[in-house]
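*Asks:* Prediction below, plus the sequence it came from.
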Amino acid sequence: MLDKSIKELSEGLQSGAFSSVELTQRYLDRITRLDSRYNSFVTVDEASAMAQAKAADARIAKGEATLWTGIPLAHKDVFCTDGLRTTCGSRMLENFVPPYDATVTANFKQAGAVCLGKTNMDEFAMGSSNENSYFGKVINPWSDEIERVPGGSSGGSAAAVAARLAPVATGTDTGGSIRQPASFCGITGLKPTYGRVSRYGMIAYASSLDQGGPMARSAEDAALMLQVMAGHDPKDSTSIKQDVPDYAAALEQSIKGLRIGLPREFFNAQLDSRIQNILQDAIKVLEAQGAIFSEVSLPNVELGIPAYYVIAPAECSANLSRFDGVRYGHRCEAPEDLMDLYMRSRSEGFGDEVQRRILIGTYALSAGYYDAYYGKAQQVRRLIKNDYVNAFGNVDVILSPTTPSTTFGIGSKGEDPVQMYLEDIYTITTNLAGLPGISLPAGQIDGLPIGMQLTGNYFDEARILNVAHQFQNATDWHTQAPHGIHD
Ligand code: GLN
């Protein structure tokens, strides 16, 4: 049961092999039994999940079921859920119960899926290890003799899917937060083209970069999730009016003759030779299916991290100014005056990394520095985008590493935040360019999973899902599970 695909679960539900109540209870029991080990959930609402499952069973009985009816899933705690606490991993929102659903969560509700609960994350989606959550760190189910990070910021979703505490989960990716944890936890995660998935009701970090996307055990399940998530939304002014293709239908296409580019700047001497070897093996698998590889150049990608770590904090400083202790969120005790209310509420409500980003961002946006920092970073961003546009003149898909290493030990990155920022080296430029990217398991190093990344042209999610699916048809890295998970 735990390894069944969404399609198989759906068939099982509709044929009566098991009910949604049984399936949902099975996952809730696993969460109760095992999640004290991983801490991947912040909030689980058993009563509401069981009520949704019952309603789904009633629809199935009436013959009104569709693919997602009765399928359990988990949502990253960045998506607002009507009546269900949404914390964004922060003390600031510890008791926040949204009065409305994000478009993404509403879409899954509409499709009949059952929400098991909300997954842990780095506070306000800032981080690459999930060590920044007010609700405690998440432990990677692949941990060996040392406790390892699941990656971040969607680390709770990635750990939950890897540990089979949910069949699939939603995530968000501003600078790698779906793909990097997918790589560390041995699952498949896709960041869509900017504007493909509505940001309405998704708590904002850096609005010009944020995108919600699927986290699953296979490209096929990710495609089925994206089908529910994607589409124009009048409630999000940056949502794009473009038809959503049938992602599942494109999965089985042949990749014969498909042109795949290997960016010279990513396959350099800095790349760990073991990752290099894993990617070479993956290239051979795709070559055997007729894909044609060539080198491409993205000369400005080395500027990705500095540009991102100006732009994202700048946007975060503006977005997070709404948390002022007045309208909602944490409020300090007995403020003396308005300044005291603002200062203490924000100092108490936000953790260290969030405060660091707000300070950097406010500085980068302040009069006299705007042109030198924020303006300059935006120019660099355009150069990076142009690099990708040029590369996509010659190739259909770009293949690269997702992460510079496998999962690292909890606490091992020390006190220097820049060490953590360097984690995002291969993922961040996709966000700056607004392109879609997927990470899928490509191999293991010392028993720990590692992903490869496929970047597609704008709105070409179907193509990267197709390549990922073809790779998964020919390999079994995506079916590997952490030890002891089925006990
Ligand atoms: N690690 C990056 C950061 O801390 C990316 C986070 C994300 O994609 N939400 O900003």
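*Replies:* Thanks, I have the structure now.
*Asks:* Checking Phe471 next. Helix, strand or coil?
*Replies:* helix (DSSP: H, G, I helix; E, B strand; the rest coil).
*Asks:* Okay, now the sheet partners of the helix or strand that Leu116 is a member of, with direction.
*Replies:* Leu116 belongs to strand 114-119 when assigned by DSSP states H and E. Paired neighbours of strand 114-119 in the sheet (DSSP bridges): strand 41-44 (antiparallel), strand 72-76 (parallel).
*Asks:* any bit of whatever helix or strand comes next after it sitting next to the ligand?
*Replies:* As assigned by DSSP H and E, the chain's next helix or strand after strand 114-119 is helix 155-162. No: judged by Cβ under 6 Å from any ligand atom, helix 155-162 makes no contact with the ligand; its nearest approach is 10.6 Å. For glycine as for every other residue, the C-beta is placed from the backbone atoms N, C-alpha and C.
*Asks:* Outside of the helix or strand that helix 155-162 is followed by itself, list whatever touches it.
*Replies:* Next along the chain after helix 155-162, taking DSSP H and E as the criterion, comes strand 169-173. The contact list for strand 169-173, computed with Cβ atoms under 8 Å, 6 or more residues apart in numbering, reads 73-76, 78-79, 104-105, 108, 119, 125, 153-154, 156-158, 160-161, 177-179, 181, 189, 191, 202, 205, 210-216, 225, 229, 427, 431, 437.
*Asks:* can you rerun that using 6 Å?
*Replies:* Residues from elsewhere that reach strand 169-173 (Cβ atoms under 6 Å, 6 or more residues apart in numbering): 74-76, 78, 119, 125, 154, 157, 160-161, 178, 191, 211-213, 215.
*Asks:* Relative to Glu265, which of those is nearest.
*Replies:* Lys191 (19.9 Å; Cβ to Cβ).
*Asks:* so that closest one touches Met215, yeah?
*Replies:* No: counting by Cβ atoms under 6 Å, Lys191 does not reach Met215; the two are 10.3 Å apart.
*Asks:* a helix runs through Ala223, doesn't it?
*Replies:* Yes: using three-state DSSP, the secondary structure at Ala223 is a helix.
*Asks:* how many neighbours does the residue of the stretch 351-487 of the chain found nearest the ligand have?
*Replies:* Of all residues in the stretch 351-487 of the chain, Asp424 sits closest to the ligand, at 4.8 Å by Cβ to the nearest ligand atom. For Asp424, the count of nearby residues is 24 (other Cβ atoms under 10 Å).
*Asks:* Output the set of residues of this structure in proximity to the ligand.
*Replies:* 125-128, 153, 173-177, 205, 312, 424.
*Asks:* Could you pick out the buried ones from those?
*Replies:* 125-128, 153, 173-177, 205, 312, 424 (16 or more other Cβ atoms under 10 Å).
*Asks:* Out of those residues, the closest to Leu365 would be?
*Replies:* Among these, and counting by Cβ to Cβ, the member closest to Leu365 is Ala312, at 12.2 Å.
*Asks:* re the thing from before, tell me which of the strands paired with strand 114-119 sits nearest to Ile445.
*Replies:* Between the strands paired with strand 114-119, strand 72-76 lies closest to Ile445; by Cβ to Cβ that is 26.9 Å.
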